[in-house]
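# Generate coordinates for the sequence data below:
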Amino acid sequence: MVNLSPRRSGLKGLLEAALDKGVAVDCSVQVGLCCDELLGVRSNMMLSSFRGAEKTGSVFPSRTNVSTPTWQASLSKVSCPVCRMESRKDELKGEGCPWCGWVPPEKRERNDGYNNIGS
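Purely as a prediction, here's the structure:
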C-alpha cells in the first residue's frame, strides 16, 4: 500500500501529529513523610486541536465561543480522500484538492472511450 500523504518531519511534524491525534496525560503525585501521605494530586489532561477534541467527544469549557470565524473555518474543513490534507469543504467538493490535484467524481471530465492525448 502506498501512502500518498505528505511527509511530516521535525518538531512541526511532531506537533501536528500530536495535536491531530491528541495526547492523553494521566499523572498522579503523592508527597509523603514516613509512609504517611501528606498531599496527593491526580490529574487527567488531554492535549489536542479543537478538531481532534471534537472527534473524541471532549467537552469544551462553557465560555467557549464557537461562533467566531476562526472556529467556523476550522469546523468547515474536511480531509482529501487521497492525500489526507485538510481543505475547505466547498473548495474540495467544487474544485478539488489544492494539495494533490484530486478532483471529485462529479467534476471529472467524462471519458467517452477516445484517447485525447495529443489533441
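# Against which helices or strands is whichever strand or helix holds Ser28 packed?
Secondary structure assignment for Ser28, by DSSP states H and E: strand 23-33. With contacts defined as 3 or more C-beta pairs under 8 Å, 6 or more residues apart in numbering; DSSP states H and E, the packing partners of strand 23-33 are strand 36-47. From N, CA and C alone the C-beta is placed, and that goes for glycine too.
# what packs against the strand it packs on?
Using 3+ C-beta pairs under 8 Å, 6+ apart: strand 36-47 touches strand 23-33.
# I'd like the average pLDDT over the strand it packs on.
The pLDDT scores in strand 23-33 average 86.
# just to revisit the earlier point, how far does the strand holding Ser28 sit from the chain's center?
Put simply, strand 23-33 sits 29 Å off its chain's centre (C-alpha atoms, centre = their mean, to the nearest Å).
# Could you do stretch 79-88 as well?
For stretch 79-88, the distance to the chain centre is 10 Å (C-alpha atoms, centre = their mean).
# buried ones in that stretch?
80, 83, 85-87 (16 or more other C-beta atoms under 10 Å).
# which stretches of the protein form strands?
Secondary structure of the chain (DSSP state E): strands at 23-33, 36-47, 77-79, 86-88.
# Could I get the phi/psi values of Cys100?
phi -120, psi -10 (degrees, to the nearest 10).
# and what of Trp99?
According to degrees, to the nearest 10, Trp99 has phi -80, psi -50.
# start at 10 instead
Done: numbering now begins at 10, and the last item shifts to Trp108.
# Next up, the contacts around it.
Contacts for Trp108 (C-beta atoms under 8 Å, 6 or more residues apart in numbering) come out as 15, 89, 92, 94, 96.
# Distance check, Gly49 against Gly41.
According to C-beta to C-beta, to the nearest Å, Gly49 stands 9 Å off from Gly41.
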